[in-house]
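Undergrad: Build me a model:
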Amino acid sequence: MKIGIMGGTFDPIHNRHRDIALCARDEYGLDEIWFMPAGDPYCKEDKQVTPAAIRLEMTEAAVAEMPEFCRCSDIEVRTPGRTYTANTLRRLRELYPDDSFYFIAGADSILYIDSWYEPEEIFRNAIVLCAERPGSEDELMETIATLNEKYQRFGKERVRLIHCGEEPVSSTDIRSMHERGGDISPYVAKGVLDLIERYGLYREPNNG
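TA: You can find the predicted model right below:
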């Protein structure tokens, strides 16, 4: 199977995550999409992050409202210590050697992915699909070309663009909007909003 991995802190998971994943599935013929919240993300170590169990619960709630080819994976939440994309993809290749993996990332991630932990393992074990971002097309395409040239030993076009359109909405924007008392219902699944209200998330100043 061709499996798309949509990873992230998901604090909270929102509709833009869903839309990017569905675009990737349609454009690249993916069989399944696995939404994978990070357990203890090393890139967020200087920020306050909602506990992994709650972020997993929000991800499960969001996936429950998506098509059946979308699934929620708790592999990183169950991994002790810091979680790294390179380690996760390496483990997935070991567990599912007959499947092909496509790591789905936003434009911001692609611009810095070469500075992540063991980036060569990311490109060795998955094709990276990058969501386009209006207003940064030139920088993004230049970065994709540079990465494809650098990691061509792992195969042709290890980084490919997802044509998903629209201006992105970030989890940071949603947290800030909710903190100010704004209506975030257009941006998150109903089940996710219910959990945000139940746990009283994103109401305290400087919450990530």
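
Undergrad: from memory Tyr151 sits against Arg158, does it?
TA: Yes - counting by Cβ atoms under 8 Å, Tyr151 does reach Arg158; the two are 4.9 Å apart. For every residue, glycine as well, the C-beta is placed using N, CA and C.

Undergrad: list the residues that contact both of the two?
TA: Contact criterion Cβ atoms under 8 Å, 6 or more residues apart in numbering; residues shared by Tyr151 and Arg158: Phe123.

Undergrad: Packing partners of the one helix or strand in the chain whose mean pLDDT sits lowest?
TA: The least trusted helix or strand in the chain, going by mean pLDDT, DSSP states H and E, turns out to be helix 107-112, with a mean of 90. Helices and strands touching helix 107-112, by 3 or more Cβ pairs under 8 Å, 6 or more residues apart in numbering; DSSP states H and E, are strand 127-131, helix 137-150.

Undergrad: go with 6 Å
TA: Packing contacts for helix 107-112, counted by 3 or more Cβ pairs under 6 Å, 6 or more residues apart in numbering; DSSP states H and E, involve helix 137-150.

Undergrad: Show me which positions of the helix it packs on end up buried.
TA: Neighbour counts over helix 137-150 (16 or more other Cβ atoms under 10 Å) mark Leu140, Thr143, Ile144, Leu147, Asn148 as buried.

Undergrad: For Val188, give me phi and psi.
TA: phi -130, psi 160 (degrees, to the nearest 10).

Undergrad: Following the chain past the host helix or strand of Asn87, name the next helix or strand.
TA: Assigned by DSSP states H and E, Asn87 belongs to helix 85-95. Counting by DSSP H and E, the element after helix 85-95 in chain order, helix or strand, is strand 100-105.

Undergrad: ok, back up a step: distance from the helix holding Asn87 to the middle of the chain?
TA: Distance of helix 85-95 from its chain centroid, counting by Cα atoms, centre = their mean, to the nearest Å, is 15 Å.

Undergrad: Please spell out which residues along that helix are buried.
TA: By neighbour count on 16+ other Cβ under 10 Å, the buried set for helix 85-95 is Thr85, Ala86, Asn87, Thr88, Leu89, Arg90, Leu92, Arg93.

Undergrad: Show me what the mean pLDDT comes to for the helix or strand Ala53 falls within.
TA: Following DSSP H and E, one finds Ala53 within helix 52-63. Computed over helix 52-63, the mean pLDDT rounds to 97.

Undergrad: go on, stretch 139-151?
TA: In this model, stretch 139-151 carries a mean pLDDT of 95.

Undergrad: so Tyr202 touches Glu179, yeah?
TA: Yes - with contacts defined as Cβ atoms under 6 Å, Tyr202 counts as touching Glu179 at a distance of 5.5 Å.

Undergrad: So those two - more neighbours on which side?
TA: When Tyr202 and Glu179 are compared for neighbours, Tyr202 comes out ahead with 20 against 15, by other Cβ atoms under 10 Å.

Undergrad: gap between the more buried one and Ala38?
TA: Here the criterion is Cβ to Cβ, to the nearest Å. By it, Tyr202 lies 18 Å from Ala38.

Undergrad: follow-up on the earlier one: tell me which strands and helices the helix holding Asn87 is in contact with?
TA: Looks like helix 85-95 contacts helix 119-125 (3+ Cβ pairs under 6 Å, 6+ apart).
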